[in-house]
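Asker: show me the folded form of this:
(2 chains)
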Amino acid sequence: MQRKGARVVIVFVNGKEQILPGPMTVEEFLSFRGLEAALVVIEINLGIVKREQWAVHVIAENDRLEILRFVGGG
Amino acid sequence: MSDRLVIGGIELENRLFTGTGKFSRNTLIGDVIRESGSQVVTVAVRRIDFDSEQENVLLHIPKGCILMPNTSGARTAQEAVRIAKIAREAGCGNWIKIEVISDHKYLLPDNYETIKATEILAADGFVVLPYMSPDLMVAKHLKEAGAAAVMPLGAPIGSNRGLQTREMIRILIAEIDLPIIVDAGIGKPSEAAEAMEMGAAAVLVNTAIATAGDPVAMARAFSYAVKAGRTAYLAGPGAVKQFAEASSPLTGFLSQK
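Answerer: Numbers count the residues shown, from 1 in each chain, chains lettered A, B, ... in the order given. Predicted coordinates:
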């Protein structure tokens, strides 16, 4: 994931600041965090990033990511 | 005899909708849903918790069920719309239970914001089932806004207090030409049966099953109750009278002269 010479990228994931080792796509971020892609939905800066965009959408400095999933509910 | 409930173009045979919250372990959910016979199952959308093991409730829901994500956590129409779109993007179909709540003590829905969210989401192609405080005018506005059904509460969420709002629900059933689904408050199968006898199209039950001593057995009990209540409604209950009316003939007594 980490590219030579790349600077860290500071983002906010589910409301918490997080430092990424370098620029990465959404898909790379998921594997960086060990998340199973089939089970999540990603929103960046209040806009849904569609699954087909995950491989190309690069996360930018200060992006606000929401990583969501389904839980039990009534 | 075919007695189908049609919502959003889908024909349902089963009139017990089940929620998946509050179970002591998610592994109960599959058996509960199978035992309930439910075809419509609610779930919620939340942030992933990186500190605990992630598990997706969808893995426990039997295939073929219609998922009805709720918008719990939304305090405004705008937030409900956001959650609905997230749920749809997750590939769970286009049914949505609108739940807009900003009152934390009674968890009573904000009917005004609920109408706004219903209008936006129905126009966007969702099958919208709004959870609401039973009120005739609000139900009319929800219908105009494009709701596929109206879901009045029987009592506050999770209270297991039964049909405290029965008279208002009765009015909705009589006046609103949409399925009326009693959601929230139903604590016992007898209360589900009562709602169905009154003509409710379905009931949505979560806490009463999830917090029962034996949730799987309670799901079965609710399934019987909903079927019994529906059958009684279709059979047409006899008139209620103030005084006695003998069931046996009043002639031909042995002592008659």
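Asker: who in chain A is up against chain B?
Answerer: Residues of chain A lying close to chain B (C-beta under 8 Å from any C-beta of the partner chain) are A:13-15, A:33, A:35-36, A:39-41, A:43, A:46, A:48, A:50-51, A:66-74. No exception for glycine: its C-beta is placed from N, CA and C like everyone else's.
Asker: and the pLDDT for the closest residue to B:Ala74 other than its chain neighbours?
Answerer: Among residues not flanking B:Ala74 along the chain, B:Ala80 sits closest, at 3.9 Å (C-beta to C-beta, 6 or more residues apart in numbering or on different chains). Listed pLDDT for B:Ala80 reads 97.
Asker: tell me the contacts of B:Ala80?
Answerer: Neighbouring residues of B:Ala80 by C-beta atoms under 8 Å, 6 or more residues apart in numbering or on different chains: B:Thr71, B:Ala74, B:Ile98, B:Glu99, B:Val100, B:Glu113, B:Thr114, B:Ala117, B:Leu121.
Asker: and it, how close does it get to B:Ile96?
Answerer: 8 Å (C-beta to C-beta, to the nearest Å).
Asker: neighbours around the closest residue to chain B within chain A, how many?
Answerer: Per C-beta to the nearest C-beta, A:Gly73 is where chain A lies closest to chain B, at 2.6 Å. Neighbour count for A:Gly73, taken as other C-beta atoms under 10 Å in any protein chain shown: 23.
Asker: for the residue nearest to it when sequence neighbours are not counted, helix, strand, or coil?
Answerer: Among residues not flanking A:Gly73 along the chain, B:Ala44 sits closest, at 2.6 Å (C-beta to C-beta, 6+ apart). B:Ala44 carries the three-state label strand when classified by DSSP: H, G, I helix; E, B strand; the rest coil.
Asker: what residues does B:Ala44 make contact with?
Answerer: B:Ala44 touches A:Phe70, A:Val71, A:Gly72, A:Gly73, A:Gly74, B:Gly21, B:Pro69, B:Asn70, B:Ser72, B:Gly73, counting by C-beta under 8 Å, 6+ apart.
Asker: which of the residues you listed fall in strands?
Answerer: Mapping the contacts of B:Ala44 onto strands (DSSP state E) picks out A:Phe70, A:Val71, A:Gly72, B:Pro69.
Asker: point out where chain B drops to low pLDDT.
Answerer: B:1, B:53-54 (pLDDT under 70).
Asker: so which residue of the stretch 1-150 of chain B comes closest to chain A?
Answerer: B:Ala44 (2.6 Å).
Asker: how about the residues of the stretch 101-250 of chain B by chain A?
Answerer: Residues of the stretch 101-250 of chain B lying near chain A (C-beta under 8 Å from any C-beta): B:Ile157, B:Gly158, B:Ala184, B:Leu204, B:Asn206, B:Thr207.
Asker: ok, so of the residues you listed, who is nearest chain A?
Answerer: B:Asn206 (3.3 Å).
Asker: from the chain's centroid, how far away is the host helix or strand of B:Glu197?
Answerer: Assigned by DSSP states H and E, B:Glu197 belongs to helix B:189-198. Mean-position distance between helix B:189-198 and its chain equals 12 Å (C-alpha atoms, centre = their mean, to the nearest Å).
Asker: restricting to C-alpha, output stretch B:60-69 in CSV.
Answerer: C-alpha atoms of stretch B:60-69 as CSV (Å, rounded to 0.1, in the frame of the first residue of the first chain):
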residue,chain,number,x,y,z
HIS,B,60,-28.0,-14.7,9.9
ILE,B,61,-31.1,-13.8,7.9
PRO,B,62,-32.5,-16.6,5.8
LYS,B,63,-32.3,-16.1,2.0
GLY,B,64,-35.4,-15.0,0.4
CYS,B,65,-36.5,-12.6,3.2
ILE,B,66,-37.2,-9.0,2.2
LEU,B,67,-34.9,-6.8,4.1
MET,B,68,-36.4,-3.6,5.5
PRO,B,69,-33.6,-1.5,6.9
